[in-house]
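**Q** Prediction below, plus the sequence it came from.
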Amino acid sequence: MLVLGIDLGTQSLKAVVCDEALAVRGQHAVGHATQYPAPDRAEQDPGAWEAALAPAIAGALAAAGAGPEAIAALAIAGQLDGCVAVDAGGGALHPALIWQDRRAVADAARVEARRLFALTGQVADAGHMAPKLVWLRRALRGAAVARFHQPVSYLVERLTGAAVIDPALASTTMLLELVTGRWSAELLDAFEVAVEELPVVRLACEVAGGLTAEGARRTGLRVGTPVAVGTGDDFAAPIGAGVIAPGPVVCVVGTAEVVGGLAAGPVLDRASEPMVETHGFPTGAFFVENPGWMSGGAVRWAARMLGLSSDAELDALAASAPAGAAGVTFVPALAGAMTPVWRPHARGTLHGLAAGHDRAHVARAVLEGLAFAARDVVVRLGELGLAAHEVLLVGGGAQSRVWGQIRADVLGVPHHVAARTDATLIGAAMIAAVAAGMAPDLATLAARVPVPAATFVPDAAVAGPSAEAYARYRRLIDQLAPLAAAPWASSAE
């Protein structure tokens, strides 16, 4: 028996075919575009996600030498914090506002920030779904909006007709009570949304339904093939790396970078301005995380700005510059700042440039600045009682040896690299396997995940320059603070 995992990412939709041992038999990816109609706006066409399903699945099946009849179940994991407004037939009424979209800043302030955090474990932020659905309803005035979806739940409904979402994804919306796991009547009222306009909350590994005739057409699979409820990529990636219980801090390095750790109970960051949020998790644990800043996306941006053709070229340049980048500092706020405080209006900064600097110093500063942001979060997680003495790197960005060493040097703790770069895909396949009855639970499957492929240990020779560079980064952020809006200040008691 084989299962199919789908990863609906920011840049592409990927499909993987795995067997019962979690061995990858075949995989394929199909890209899709992001539109940026204004500096604070980021949209994708949900139709492009649907259109990518059949070719991605066909490519994975062809690579596996298997046919549609071999697939026992499929599961989708994907980008968080998007919002899709749909009609009664489940069709999108507007381009999806994805996680990078910041247009709904004013709507995020509908609930006093500390009250919202106490209920949901979430920061009142325009990146989340609730403010976006308010904006969409206003923009679609007169249209018959039936439901609001996250990207994963949107695709599941298009394939099965079932409007469902798992507790982990639901906990990212700013609408779910963290402790009860139910939609909050208080928050639904504040954001003017009815419970009937949201998906029903069900467990990630449950079967949402079988493929409808239209779902079979969209995927190229057989009618009735079971489709799991699925979850978000922030949660599937740790699962795919074998992390299903409290243990190492996990950095999921994709277009965005998520840094978090698992806790047995709901751990809340009670700082005056929380750095991390607390979400549900498919195993019943809680994922305490910073939901991410542009990381791999910032590397690609920097490579393009420096006239380089690949991330590998940027790595090579960075390796030729000294630790600390000779005083050049990068603040990675290309889509707002998420560390050390959340500032939606903050913007990326390169500081300290002089005539003697070259592209290598800039490349090094970019990789260091991104590592500094991760350090902010790892330190905060440690203060909250989560293990911070080792870090597991997951995702495409984890494959950079230069960046991995920089991270270890900046944080001063070992960094392990997950054996598979495609952990989100593997996590989705694991969810599909449980839904298909091939395993009783995710813990059974996690035992089959390979051990880390590499480990980077801190280099004592660069500890001094790395510490000085981090201190410079924090001073720069303090100095830039007046240039960024402070929504938390407006809601202070």
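**A** Arrived safely. Numbers count the residues shown, from 1 in each chain.

**Q** Determine the set of other helices and strands touching the helix or strand where residue 74 lies.
**A** Using DSSP states H and E, the element containing residue 74 is strand 71-78. In terms of contacts (3 or more Cβ pairs under 8 Å, 6 or more residues apart in numbering; DSSP states H and E), strand 71-78 is packed against strand 2-8, helix 151-160, strand 226-228, strand 231-232, helix 233-240, helix 423-435. C-betas here are computed from N, CA, C, even on glycine.

**Q** other SSEs contacting the first one?
**A** Counting contacts by 3+ Cβ pairs under 8 Å, 6+ apart, strand 2-8 packs against strand 12-18, helix 46-64, strand 71-78, helix 151-160, helix 233-240, helix 423-435.

**Q** on that earlier part again, just want the angle from the strand holding residue 74 to helix 46-64.
**A** When axes from the mean of the first three to the mean of the last three Cα atoms, to 10 degrees is applied, the directions of strand 71-78 and helix 46-64 differ by 140 degrees.

**Q** i'd like the first residue to be 13 from this point on
**A** With 13 as the first residue, the last one maps to strand 83-90.

**Q** Quick one: mean pLDDT over the helix or strand following strand 83-90.
**A** Scanning forward in sequence from strand 83-90 by DSSP H and E, the next helix or strand is strand 96-98. For strand 96-98, mean pLDDT rounds to 98.

**Q** Contacts for strand 96-98, please.
**A** Counting contacts by Cβ atoms under 8 Å, 6 or more residues apart in numbering, the residues outside strand 96-98 that touch it are 58, 104-106, 108, 145, 148-149, 152, 155, 157-163, 166, 169.

**Q** can you list the domains in the chain?
**A** Structural domains assigned to the chain are 14-245, 254-429+471-502, following automatic domain parsing.

**Q** Which of the ones you listed comes out lowest on mean pLDDT?
**A** Within the domains of the chain, the least confident segment by mean pLDDT turns out to be domain 254-429+471-502, at a mean of 93.

**Q** and the residue nearest the centre of the chain, how far is that from residue 19?
**A** The residue at the geometric middle of the chain, judged as the C-alpha nearest the mean C-alpha position with Cα atoms, centre = their mean, is residue 246 (4.3 Å). Remark: distance between residue 246 and residue 19 (Cβ to Cβ, to the nearest Å) = 12 Å.

**Q** What of residue 270?
**A** 14 Å.

**Q** And residue 447, by the same measure?
**A** Taken as Cβ to Cβ, the span from residue 447 to residue 19 is 16 Å.

**Q** right, and the helix or strand after whichever helix in the chain runs longest?
**A** Longest helix in the chain by number of residues (criterion: DSSP state H): helix 371-395. From helix 371-395 onward toward the C-terminus, using DSSP H and E, the following helix or strand is strand 403-406.

**Q** in its sheet, what does that next one sit against?
**A** For strand 403-406, sheet partners with direction are given as strand 261-265 (parallel), strand 427-429 (parallel), following DSSP bridges.

**Q** So which elements touch the helix or strand following the longest one?
**A** This means strand 261-265. Following strand 261-265 in sequence order, the next helix or strand is strand 268-275 (DSSP H and E). Applying 3+ Cβ pairs under 8 Å, 6+ apart, we find strand 268-275 packed against helix 245-252, strand 261-265, strand 298-306, helix 308-317, helix 371-395.

**Q** hang on, the earlier thing: want to try TSV for the domains of the chain, with distance to residue 458 as columns?
**A** Listed next are these as TSV, based on distance: least, Cβ to Cβ, whole Å:
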stretch	distance to residue 458
domain 14-245	9
domain 254-429+471-502	5
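
**Q** Looking at those, which is nearest to residue 438?
**A** Shortest distance between residue 438 and these, using Cβ to Cβ, is found for domain 14-245: 6.4 Å.

**Q** Export the helices and strands packed on strand 83-90 as CSV, with columns for distance to residue 201.
**A** Rendered in CSV, the data for the helices and strands packed on strand 83-90 read as follows (distance: least, Cβ to Cβ, whole Å):
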stretch, distance to residue 201
strand 14-20, 31
helix 163-172, 22
strand 238-240, 31
strand 243-244, 25
helix 245-252, 28
helix 435-447, 33
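
**Q** hey, which of these is tucked in deepest?
**A** The highest mean neighbour count among those belongs to strand 243-244 (a mean of 32), with neighbours defined as mean count of other Cβ atoms under 10 Å.

**Q** Need the winner for burial among the strands paired with strand 403-406.
**A** By mean neighbour count, with neighbours taken as mean count of other Cβ under 10 Å, strand 261-265 ranks first of the strands paired with strand 403-406 at a mean of 27.

**Q** Give me the angle between it and helix 245-252.
**A** Relative orientation of strand 261-265 with respect to helix 245-252: 120 degrees, computed using the same axes, to 10 degrees.

**Q** Relative to residue 396, how far out is residue 280?
**A** Computed as Cβ to Cβ, the residue 280 to residue 396 distance reads 8 Å.
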